[in-house]
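Asker: sharing a sequence plus its predicted fold:
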Amino acid sequence: MAWASSNRRQGSLGPLARRFFDIAEHGGVAWIVVLASLALWLVGIEAIDVATVLEPGTRLGTTATKQVIFGGVGIVAAIIAAAVHYRVWGWGSWPFLAVMIGFLLFVLIPFLPTWLVRPRGGARGWIDFGPIEFQPAEMTKIAYVLALSWYLRYSTTHRTFVGLIPPALIAGVPIALITLQPDFGSALLFIPVLFAVLVAAGAKLKHLAIVVLVAALAAPAMYPLLKPHQKARIEGLIKQVQGDTSADQDVNMQAASAQALIGAGQGTGMGDPLSRAAVHYSRLPERHNDMVFAVIVNRWGFSGGLGVILLYFLWVAGALGTAATIREPFARLAIVGFAVFVTGQVFINIGMNVGIVPIIGVTLPFVSYGGSSMVTGWLMTGIILGIALRRADMPRHRSMEYAGDDES
């Protein structure tokens with residue numbers, strides 16, 4: 001009956017309208033992901049303008065205008081990504097990952113000129129192509145998820161403890177190279193994605209629990225290997241939790257400034273002119289990038305911050321809702337990986353702003369200033385939509401369903 005009703009509705013429309021109706025119907029809840037991405041992009045443009053321009057005007061500032069362009073490029077990339085069949089993404093996942101690993105190796109070459117690879121905040125993570133700056137770690141997120149999902153799509157070896165080694169190696173190479181930049185924040189995001197995709201692919205929870213326990217016990221031994229500034233940030237966070245303000249003029253200055261702006265926003269925000277002045281005269285570094293959430297709450301208050309969190313909830317819910325309707329294993333696992341990447345970034349970024357996570361340089365997807373991050377987010381959105389539009393063409397392979405639990 002629903003199918004007949006749908007046909008009747010389409011029969012009363014013109015050819016172009018019928019095509020739009022068909023696309024919207026087949027996309028399902030994936031359109032929630034698209035709409036949430038658009039809303040977050042628009043919020044980010046306004047927040048970046050507040051963060052970078054003191055006097056409100058009829059035109060956007062230079063930085064916010066660039067963010068508009070980045071978003072436009074990202075939307076075009078998403079359309080192209082949605083048009084490409086999901087199997088093509090799978091077939092090309094390993095070459096894609098190999099290329100991105102090549103870029104990650106390239107930025108680590110020590111004798112490269114600074115006009116080509118210019119360190120930022122002590123990290124060698126960007127390649128300067130003139131008007132375009134490319135951050136390989138961002139695009140590696142997509143390549144990693146696709147390659148991992150393609151490997152696990154029909155595999156059962158990961159149901160054994162030894163079988164977890166190949167997926168760990170797939171994750172370990174980009175994690176190691178990104179850590180060497182050093183960009184510990186970006187590298188950290190790959191770990192929960194690995195666990196989430198393994199769980200979705202049917203890995204045994206008892207095996208993963210053993211890995212987590214061993215890693216937790218080994219974590220203190222890794223502390224001496226951290227860089228001095230990384231140790232200082234962890235120690236600064238401990239002081240914040242303890243209520244010690246002695247480092248607020250030193251290592252905790254960025255976190256303290258962000259929290260002061262958040263507190264000043266109160267329930268509904270300071271309003272446009274006052275918020276611009278408060279942000280402009282604060283000492284908050286990276287106010288248009290890593291710390292943009294503090295600007296959002298200062299401008300629109302607690303309600304504005306909650307609204308942004310709700311948009312991310314809708315993005316992740318739309319993605320996971322799409323994954324739940326898909327039987328094809330590669331497509332389903334890829335969507336889970338993208339959803340966990342976005343969730344991890346949001347948690348860490350907002351945690352940095354409110355003082356529950358050390359400041360480790362993780363951007364807020366679709367909102368923070370930056371072309372690589374923006375295009376990566378939109379590519380994830382486009383791939384998810386492309387998968388949703390092709391659900392009817394997917395094979396009926398019963399993936400990730402295991403009747404027994406007797407494998408060792």
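Answerer: Nice, I can see it.
Asker: please report phi then psi for the residue lying closest to Gly305 once chain neighbours are set aside.
Answerer: The shortest distance from Gly305 to any non-neighbouring residue, by CB to CB, 6 or more residues apart in numbering, is to Val297 (4.1 Å). (Each C-beta comes from the backbone N, C-alpha and C, glycine too.) Here is the backbone geometry of Val297 (degrees, to the nearest 10): phi -70, psi -40.
Asker: contacts only, for Val297.
Answerer: Val297 makes contacts with Leu261, Ile262, Gly265, Gly269, Gly304, Gly305, Asn353, as judged by CB atoms under 8 Å, 6 or more residues apart in numbering.
Asker: cool, and Phe134?
Answerer: By CB under 8 Å, 6+ apart, the contact list for Phe134 reads Phe103, Trp126, Ile127, Gly371, Ser372.
Asker: mark which of these are part of strands, please.
Answerer: Ile127 (DSSP state E).
Asker: which among the contacts of Phe134 end up buried?
Answerer: For those, a burial check counting by 16 or more other CB atoms under 10 Å picks out Phe103, Trp126, Ile127, Gly371, Ser372.
Asker: return the member of those nearest to Asn252.
Answerer: Trp126 (26.4 Å; CB to CB).
Asker: wouldn't the closest one be in contact with Ala137 here?
Answerer: No. The pair Trp126 / Ala137 is not scored as a contact, 9.3 Å apart, by CB atoms under 8 Å.
Asker: how about the buried ones among the contacts of Phe134, which pair is most distant?
Answerer: Among those, Phe103 and Gly371 lie farthest apart (CB to CB), at 15.0 Å.
Asker: which non-adjacent residue is nearest Phe195?
Answerer: Phe195's closest residue in space is Leu208 (CB to CB, 6+ apart), at 6.0 Å.
Asker: just to check, the one you found is in contact with Val197?
Answerer: No. If you go by CB under 8 Å, Leu208 and Val197 don't touch, sitting 11.2 Å apart.
Asker: need the residue closest to the centroid of this structure.
Answerer: Residue closest to the mean C-alpha point of the chain, counted by CA atoms, centre = their mean, is Val342 at 3.5 Å.
Asker: list the contacts for it?
Answerer: Val342 neighbours (CB under 8 Å, 6+ apart): Tyr312, Trp315, Val316, Ala319, Pro365, Gly377, Met380.
Asker: which of the contacts of Val297 sit farthest apart?
Answerer: Gly269 and Asn353 (15.2 Å).
Asker: between these two, which one's more packed in?
Answerer: Set side by side, Gly269 and Asn353 show more neighbours around Asn353, with 27 against 20, by other CB atoms under 10 Å.
Asker: what kind of secondary structure is that one in?
Answerer: helix (DSSP: H, G, I helix; E, B strand; the rest coil).
Asker: element containing the residue nearest to it when sequence neighbours are not counted, please.
Answerer: Excluding the flanking residues, the one nearest Asn353 by CB to CB, 6+ apart is Phe293, at 4.4 Å. Assigned by DSSP states H and E, Phe293 belongs to helix 292-324.
Asker: average pLDDT across that helix?
Answerer: For helix 292-324, mean pLDDT rounds to 96.
Asker: identify each buried residue in it, please.
Answerer: Under the neighbour-count criterion of 16+ other CB under 10 Å, helix 292-324 has 292-301, 304-305, 308, 311-312, 314-316, 318-323 buried.
Asker: cool, stretch 336-356 as well?
Answerer: Residues 336-355 are the ones in stretch 336-356 that count as buried (16+ other CB under 10 Å).
Asker: same question for stretch 263-277.
Answerer: So, applying 16+ other CB under 10 Å, buried residues of stretch 263-277: Ala264, Gly265, Gly269, Met270, Ser275, Arg276.
Asker: same question for the strand or helix carrying the first one, mean pLDDT?
Answerer: Counting by DSSP H and E, the element that carries Ala264 is helix 253-265. Averaging pLDDT along helix 253-265 yields 88.
Asker: quick one: which of the contacts of Phe134 is nearest Ser149?
Answerer: Relative to Ser149, the closest of the contacts of Phe134 is Phe103; by CB to CB it sits at 20.8 Å.
Asker: show me what contacts that closest one?
Answerer: Going by CB under 8 Å, 6+ apart, the list of residues near Phe103 reads Ile127, Phe134, Pro136, Met139, Thr140.
Asker: let me know the closest of those residues to Val214.
Answerer: Closest approach to Val214 among the contacts of Phe103 (CB to CB): Thr140, at 25.6 Å.
Asker: report all helices and strands that the helix or strand hosting that closest one contacts.
Answerer: Using DSSP H and E, the element containing Thr140 is helix 136-152. Helix 136-152 sits against helix 86-91, helix 93-106, helix 165-179, helix 184-200, helix 329-354, helix 371-389, with contacts defined as 3 or more CB pairs under 8 Å, 6 or more residues apart in numbering; DSSP states H and E.
Asker: repeat the analysis, applying 6 Å as the threshold.
Answerer: Other helices and strands packing on helix 136-152, by 3 or more CB pairs under 6 Å, 6 or more residues apart in numbering; DSSP states H and E, are helix 93-106, helix 165-179, helix 329-354, helix 371-389.
Asker: ok, which of the ones you listed comes nearest Thr62?
Answerer: For Thr62, the closest of these is helix 371-389, at 14.2 Å, according to CB to CB.
Asker: what is that closest one packed up against?
Answerer: Using 3+ CB pairs under 6 Å, 6+ apart: helix 371-389 touches helix 15-27, helix 30-52, helix 62-83, helix 136-152, helix 292-324, helix 329-354.
Asker: among the ones you listed, which is nearest Pro167?
Answerer: helix 136-152 (6.2 Å).
Asker: what residues does the closest one touch?
Answerer: Helix 136-152 is contacted by residues 89-90, 93-94, 96-97, 100, 103-104, 125, 170, 174, 178, 183, 186, 197, 201, 330, 333-334, 337, 341, 372-373, 376, 379 when judged by CB atoms under 6 Å, 6 or more residues apart in numbering.
Asker: now do it and helix 371-389, the angle between them.
Answerer: 30 degrees (axes from the mean of the first three to the mean of the last three CA atoms, to 10 degrees).
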